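Undergrad: Task: produce atomic coordinates for the following.
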Amino acid sequence: MFEQLSFKLPIKVARERDAFFVSVANANAVATLEEPATWPLGKMILLGPKACGKSHLLEIWLSENGAQKINPLRDFDQPESGAKIVVDDLHTVAGISQAETRLFHLHNHLLSTGGLLLMASSIAARQAGFRLPDLLSRLEGTSSTKIDRPDDALLHAVLLKAFMDRQLSPPPAVLAYILKNMDRNFDAAGNIVAQLDAQSMSTKRPITRAMATSFLT
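TA: Residues are numbered from 1 along each chain as shown. Presented below is the predicted three-dimensional model:
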């Protein structure tokens, strides 16, 4: 008898606006990003814990504003005057001299040419460990908006999206059980979905409450 083969479908992460769920925890951040004309000096930092939806919001903003994403960890050409720029994972730049210098010059270029700069970070600038004093002062002088820890509605949406990104459809009762018993943070949502996906693949069984219980107790 031939052994049954299983095929792992690629994870397709939805980044469209329709796939982003707005709740009390992130409504203020969403509203702030929708009004870049109100940003002091044309810049904003989006703060929030890991896996809370910051990168998803940035992708929406990129698409809707014709913006460009830049990674200061790599060399890049200065954008055109008045450009709209996104920098994700701002905290990863901290402590890396060349990257901090690139970000400093980018910041000054956009400020002098009337551009927009949207940055996202899991850590406030002062705690991240930036070493270039002029850059740190500019980051500390940048307004910020925050995604708070999730309420039940947002956590449910994050769980559901994580399952959908992996082409998984657990029964509503299983989803409700996970939501009730999991740790109340975004990382936990991603971790439990990844664990259930792996278990379902290895056992070739659908996701059940009993399977979820084994990871939540």
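Undergrad: Just give me the neighbour total for Ser55.
TA: 16 (other CB atoms under 10 Å). (Each C-beta comes from the backbone N, C-alpha and C, glycine too.)
Undergrad: actually Pro40, sorry about that
TA: Count around Pro40 with other CB under 10 Å applied: 9.
Undergrad: Please list all residues in contact with it.
TA: 142-143 (CB atoms under 8 Å, 6 or more residues apart in numbering).
Undergrad: now do Gly114
TA: Contacts of Gly114 by CB under 8 Å, 6+ apart are 42, 81-82.
Undergrad: show me where the chain has strands.
TA: Under the criterion DSSP state E, strands of the chain are mapped to 43-47, 68-69, 84-87, 116-121, 144-146.
Undergrad: what's the last one packed up against?
TA: So that's strand 144-146. Applying 3 or more CB pairs under 8 Å, 6 or more residues apart in numbering; DSSP states H and E, one finds that strand 144-146 contacts helix 27-33, strand 43-47.
Undergrad: As a markdown table, those with distance to Leu139, mean pLDDT and mean neighbour count would be great.
TA: Converted to a markdown table, the helices and strands packed on strand 144-146 look like this (distance: least, CB to CB, whole Å; pLDDT from 0 to 100; neighbours: other CB atoms under 10 Å):
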| stretch | distance to Leu139 | mean pLDDT | mean neighbour count |
| --- | --- | --- | --- |
| helix 27-33 | 17 | 93 | 17 |
| strand 43-47 | 7 | 98 | 22 |
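Undergrad: Looking at these, spot the one closest to Ala212.
TA: helix 27-33 (29.4 Å; CB to CB).
Undergrad: thinking again about what came up before, for Leu110, which of the strands of the chain is the nearest?
TA: Among those, the nearest to Leu110 by CB to CB is strand 116-121 (4.9 Å).
Undergrad: Pull the contacting residues for Gln78.
TA: Neighbours of Gln78 in contact, by CB under 8 Å, 6+ apart: 105-106, 109.
Undergrad: Select only the buried ones of the residues you listed in PyMOL?
TA: Entered in PyMOL, the line below selects the buried ones among these, by 16 or more other CB atoms under 10 Å:
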select buried, resi 106+109
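Undergrad: residues near the nearest residue to Val193 once chain neighbours are set aside, how many?
TA: Spatial nearest neighbour of Val193, chain neighbours left out: Ala162 (4.1 Å); criterion: CB to CB, 6 or more residues apart in numbering. Around Ala162 there are 22 other residues, counting by other CB under 10 Å.
Undergrad: was I right about Ala162 contacting Asp187?
TA: No: using CB atoms under 8 Å, Ala162 makes no contact with Asp187, being 11.2 Å away.
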